[in-house]
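Asks: what's the 3D shape of this:
(chains A, B, C and D)
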There are 2 protein chains.
Amino acid sequence: MATKGTTGIIGGNALRNRDHNQKVVLDYVRANEPAGRAEIARSCGLSIQAVSNITADLEQQKLLMPDGHRTEGKRGKPALQYRFNPEGAFAIGVELRPDAVVTTALNLSGKKIYNARVPLDDARPTPAIKAVGDEVRKAIEASGFDPKSLLGVGVVMPGPFGDTAISRAGDAVLPDWEEVEPQSAFEQEIGYPVLIENDATAAAVSERVAGVASDLDDFCFVYFGSGIGLGVVTKGHVLRGAFGNAGEIGHIVTQIDGHQCPCGNRGCLETYASRIAARNYLQPFGIDPQSGADFADLVDQRNPHFLAWIDQAAKHLSPVIGTLENLFDPQSIILGGAMPDAVIDALIARLDLPKGSVANRDERACPRVMRGFSGRLTAALGAGAMVIHQTITPNKHSY
Amino acid sequence: MATKGTTGIIGGNALRNRDHNQKVVLDYVRANEPAGRAEIARSCGLSIQAVSNITADLEQQKLLMPDGHRTEGKRGKPALQYRFNPEGAFAIGVELRPDAVVTTALNLSGKKIYNARVPLDDARPTPAIKAVGDEVRKAIEASGFDPKSLLGVGVVMPGPFGDTAISRAGDAVLPDWEEVEPQSAFEQEIGYPVLIENDATAAAVSERVAGVASDLDDFCFVYFGSGIGLGVVTKGHVLRGAFGNAGEIGHIVTQIDGHQCPCGNRGCLETYASRIAARNYLQPFGIDPQSGADFADLVDQRNPHFLAWIDQAAKHLSPVIGTLENLFDPQSIILGGAMPDAVIDALIARLDLPKGSVANRDERACPRVMRGFSGRLTAALGAGAMVIHQTITPNKHSY
DNA sequence: TTTATTTACTCAATTAACTTGAGTTAAGTA
DNA sequence: TACTTAACTCAAGTTAATTGAGTAAATAAA
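Replies: Sure thing, here's the model as predicted:
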């Protein structure tokens, strides 16, 4: 028989249905805790009895916990309120960079409970995977959690994912990883489920699990790494595209016949508004910021050259944000990543958002652009958040 | 109790699960017909017995039909092949324009079985809804189908959907519709389930139901109407955004300080590459194409002014297509809509797609850009296809 | 030609998980 | 104090899946 195409969508049965319903309940409680069972039942389209069984299950799994009776002054028997049990499970997030391994642990509420950073001498697969494994084992030990309650390990690493003109032009690629299938390689080393994700998507999920997007289902995250990336969440789900390369915002052309970009285009956003672009811009003036703190200092000192760069970056970023608004129609766009808050804030302040945008409307629940709940650990925290997100979020839109 | 947010994701039970599984089976058969039950079971993650029950159900509903035994020269008992039953059900698609109502009927395979176009004198709600109702009733009558097998009616109409700067600047708005909730208004008039959609999204779905995208799960459709729109399908699902306005491609700025656009921006794509843009461009040369046929004639005659416009449109469209590729990472991008095939083909031939794109890779299953299975009826056919799509496509990604 | 194997399927029994309906408990209200 | 409302619990009933045993129809091997 010829191989026929499959969409990956499969049928349901009682067990898979229970799995789905558990996630539906968890996702509701996540966004609305504390919540009673009757309330959950109404919101999730289930009977009270079903919700009772499910919460009992989740309580046994230590994912939910009861938290007293509340009534808010209403009639009737006060509902037993359920909450996430932050101590019930945890996740580990790793950022693998060419020069370092950053490791974090998060409790079920997405709160950071551990972080560490070690330099990496050799980023080729064998030593790097070993180093990540060692760091994960240290994190499990240091977390103080029962290792059995580890939900999984998320790993953020630079591409290449697939063979495209852009991934070949990547600036922070790991050496000799072309032939390695990272997920299974890490799972073999670590012995827990592993998720691989790019930095921007992980950061976006992080904002939803425990950041400014906790009650947003549609948003974009513009990630300032060494380049510039985009993570998109629509209807609570990550957008990955057909080949996992969705969100390549860095090579949108913002200036016809602009700067030459290694990708082959001219005038890519990344050549104007990214960490690398900033360093290239400042170099002629003898300024060479290395760390995030250096960039923050430049803002604090109101360095005129850096402020000029911010103006330039904002000029190129503004129409791209308009494009994102018009294409994805998100509730908001979040800026963050490996840049200090002060830089992101300055950039946001300089944005000149286009008037011709579907986001330009009178009643808005949140601003068109927000700064993320970021910090230097964004990528590693996001990696851990991916794991939590996966255990919590149902993969169905609606019946 | 304060109103708590709901994602619209609800839990499952046996009945909803059956519904989902029916769609999973239908979607598999759609993409792989003819197919035997054992094959369906393997691909859909269900037991043979379950698939047997489901196909029996679907056969009774006249959505599937058996089509002989095939074995393709393999061992074992030949499987009874199932196919869509094109005569088992039908859908009606309507395009409501300020000046006309276009009505189509499609069988379950998405094939056009009826179409009609009547002028519309008065596009205000009351007369327009009445006119649509009359046309739908005519279509039911003329289709020759049992009215009970009508799955629903899709209606494509210009906005406004929500109150944004762009929808206010729309060029083809219907008068006095601000206060009307179109879906329930049409349902009341027609007595069947009604779906409202925009032209570009409907066209995209049409390509998936019975066009060049029938085996694509991730693609974009660039729709040339009076303006220019975008429909996006990811993982087989329509992307709508938080407020239903996703895909507003027309107001992406392609030229800094370019043409003034009614939306408030300068240099919007729509001011260069749209039907209106073409007419504005040609007017100074005394050329005034009215119909699609007029545009086709201009291509046939190799009219130098029109060819120059196509060059201009292609120049502005090319980077936007690169942007779509980088943001959505689709399998392909389809061009179509209310422009004759000859114009679309000429435009595609002139495109200069950016090298710096995740779509620029060596092994591709289909071209980066294709022409849609279009024709003048695209919008109305797409409206009907929405209905078929909805009855066929499961709304779950995967378990 | 006969036998074995493979594959597709049917029938009957079992099972998981949700719903329904009949109480029970605990609060506010008249 | 009695009534109402709301949140539950318990037991029975329902749906639609799975599982296991058996049958039918084809090719492949002996």
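Asks: Just give the nearest non-adjacent residue to A:Val94, would you?
Replies: A:Val155 (4.8 Å; CB to CB, 6 or more residues apart in numbering or on different chains). C-beta here means a position set from N, CA and C on the backbone, and glycine is covered the same way.
Asks: where's the one you found relative to A:Leu377, distance?
Replies: Counting by CB to CB, to the nearest Å, the separation of A:Val155 from A:Leu377 is 14 Å.
Asks: which of these two has more neighbours?
Replies: A:Val155 (26 against 20; other CB atoms under 10 Å in any protein chain shown).
Asks: Give the other helices and strands that the helix or strand containing that one contacts.
Replies: Using DSSP states H and E, A:Val155 sits in strand A:150-156. Counting contacts by 3 or more CB pairs under 8 Å, 6 or more residues apart in numbering or on different chains; DSSP states H and E, strand A:150-156 is packed against strand A:90-96, helix A:125-143, helix A:182-190, strand A:194-197, helix A:199-210, helix A:378-392.
Asks: how about JSON lines for the ones you listed, with mean pLDDT and mean neighbour count added?
Replies: Below are those laid out as JSON lines (pLDDT from 0 to 100; neighbours: other CB atoms under 10 Å in any protein chain shown):
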{"stretch": "strand A:90-96", "mean pLDDT": "96", "mean neighbour count": "29"}
{"stretch": "helix A:125-143", "mean pLDDT": "96", "mean neighbour count": "18"}
{"stretch": "helix A:182-190", "mean pLDDT": "95", "mean neighbour count": "17"}
{"stretch": "strand A:194-197", "mean pLDDT": "95", "mean neighbour count": "23"}
{"stretch": "helix A:199-210", "mean pLDDT": "94", "mean neighbour count": "29"}
{"stretch": "helix A:378-392", "mean pLDDT": "95", "mean neighbour count": "29"}
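Asks: Can you tell me which of these is nearest to DNA strand D?
Replies: helix A:378-392 (20.6 Å; CB to the nearest atom of the strand).
Asks: what angle separates that closest one from strand A:150-156?
Replies: Per axes from the mean of the first three to the mean of the last three CA atoms, to 10 degrees, the angle that helix A:378-392 makes with strand A:150-156 is 140 degrees.
Asks: now the angle from helix A:378-392 to strand A:90-96?
Replies: Going by the same axes, to 10 degrees, helix A:378-392 makes 140 degrees with strand A:90-96.
Asks: for helix A:378-392, packing partners?
Replies: The elements that helix A:378-392 packs onto, with contact taken as 3+ CB pairs under 8 Å, 6+ apart, are helix A:14-32, strand A:90-96, strand A:100-107, strand A:150-156, strand A:194-197, helix A:199-210, strand A:332-337.
Asks: Take the ones you listed and write them to CSV, including distance to A:Gln188.
Replies: CSV is the format used below for those (distance: least, CB to CB, whole Å):
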stretch, distance to A:Gln188
helix A:14-32, 25
strand A:90-96, 15
strand A:100-107, 17
strand A:150-156, 12
strand A:194-197, 9
helix A:199-210, 22
strand A:332-337, 30
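Asks: nearest to A:Gly241, of the helices and strands packed on strand A:150-156?
Replies: helix A:199-210 (10.8 Å; CB to CB).
Asks: where in the stretch 1-150 of chain A is pLDDT low?
Replies: Per-residue confidence for the stretch 1-150 of chain A (pLDDT under 70) gives these ranges: A:1-7, A:71.
Asks: what does it put close to chain B?
Replies: A:1, A:4-14, A:16-17, A:19-21, A:24-25, A:27-28, A:31-32, A:35, A:39, A:43-46, A:50, A:72, A:74 (CB under 8 Å from any CB of the partner chain).
Asks: what's the answer for the stretch 151-300 of chain A, then?
Replies: A:162-167, A:169, A:215, A:217-218, A:230, A:232, A:234-237, A:239-249, A:251-253, A:255-256, A:261, A:263-265, A:268.
Asks: right, quick check: the longest helix seen in chain A against chain B, any contact?
Replies: Counting by DSSP state H, the longest helix found in chain A is helix A:304-328. Yes - remark: helix A:304-328 sits within contact range of chain B at A:319, A:322-324, A:326-328, by CB under 8 Å from any CB.
Asks: Next to DNA strand C, which bits of chain A? Give me the list.
Replies: Contact residues, chain A versus DNA strand C (CB under 7 Å from any atom of the strand): A:14-15, A:17-18, A:21, A:45-50, A:53-54, A:69, A:71, A:73-78.
Asks: Give me the subset of these lying in helices.
Replies: Going by DSSP H, the helices hold A:14-15, A:17-18, A:21, A:48-50, A:53-54 from the residues of chain A next to DNA strand C.
Asks: From the residues you listed, keep the buried residues only.
Replies: Neighbour-count burial (16 or more other CB atoms under 10 Å in any protein chain shown) applied to those gives A:17-18, A:21, A:50, A:54.
Asks: quick revisit: find me the pLDDT at the residue nearest to A:Val94, would you?
Replies: At A:Val155, the model reports a pLDDT of 97.
Asks: Quick check: which of the helices and strands packed on strand A:150-156 is nearest to B:Ile129?
Replies: Counting by CB to CB, B:Ile129 lies closest to helix A:199-210 out of the helices and strands packed on strand A:150-156; the figure is 40.4 Å.
Asks: Which neighbouring elements make contact with the closest one?
Replies: By 3+ CB pairs under 8 Å, 6+ apart, helix A:199-210 packs against strand A:150-156, strand A:219-224, strand A:228-234, strand A:237-238, strand A:332-337, helix A:378-392.
Asks: Next, format the ones you listed as TSV and append distance to DNA strand D.
Replies: Converted to TSV, the helices and strands packed on helix A:199-210 look like this (distance: least, CB to the nearest atom of the strand, whole Å):
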stretch	distance to DNA strand D
strand A:150-156	25
strand A:219-224	31
strand A:228-234	28
strand A:237-238	24
strand A:332-337	32
helix A:378-392	21
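Asks: Switch those over to a markdown table; also include distance to A:Ala296.
Replies: Shown next, in a markdown table, are the helices and strands packed on helix A:199-210 (distance: least, CB to CB, whole Å):
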| stretch | distance to A:Ala296 |
| --- | --- |
| strand A:150-156 | 23 |
| strand A:219-224 | 13 |
| strand A:228-234 | 19 |
| strand A:237-238 | 30 |
| strand A:332-337 | 14 |
| helix A:378-392 | 15 |
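Asks: can I assume A:Ala200 is in contact with A:Phe224?
Replies: No - counting by CB atoms under 8 Å, A:Ala200 stays clear of A:Phe224, with 9.4 Å between them.
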